[in-house]
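[1] Have a look at this prediction, sequence included:
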Amino acid sequence: MASFTARTITSTRHEWIVPAAEPWGACIGDINDASVVACRAYRETHGVPEGKSLPDDALRFRIADDAIVISFTVEESAR
């Protein structure tokens with residue numbers, strides 16, 4: 001008899017989108033502002049206190065067609 005388990009995972013992806021249209025791209029100030037807000041949201045979501053370093057893989061930066069997307073994903077077991 002086969003032995004296995006099953007589960008259902010619900011994912012929530014939090015994103016901050018910084019416009020980066022050609023030919024100039026994004027301003028560092030806009031990227032910094034969005035990063036600060038994203039870091040704060042990550043800390044609140046995961047209970048990481050101020051002053052403690054975030055994990056290196058806490059935030060992801062993705063280049064889209066005309067934007068830089070900063071994100072993190074939270075996964076929870078469905079009930």
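    Structure's in. What do you need?

[2] my read: A41 touches H14, true?
    Yes. Between A41 and H14 there is a contact under CB atoms under 8 Å: 5.9 Å. Heads up, the C-betas are built off the backbone N, CA and C, glycines and all.

[3] hey, what's in contact with both of the two?
    F72 (CB atoms under 8 Å, 6 or more residues apart in numbering).

[4] Could you check the pLDDT of S71?
    On pLDDT, S71 comes in at 98.

[5] In three-state terms, label E50 for me.
    coil (DSSP: H, G, I helix; E, B strand; the rest coil).

[6] what kind of secondary structure is the residue nearest to it when sequence neighbours are not counted in?
    Using CB to CB, 6 or more residues apart in numbering and skipping the chain neighbours, the partner closest in space to E50 is R43 (7.0 Å). What three-state DSSP gives for R43 is helix.

[7] all helices of the protein, in order?
    Secondary structure of the chain (DSSP state H): helices at 28-46.

[8] centre of the chain versus stretch 6-15, how much separation?
    13 Å (CA atoms, centre = their mean, to the nearest Å).

[9] In the protein, where is pLDDT below threshold?
    79 (pLDDT under 70).
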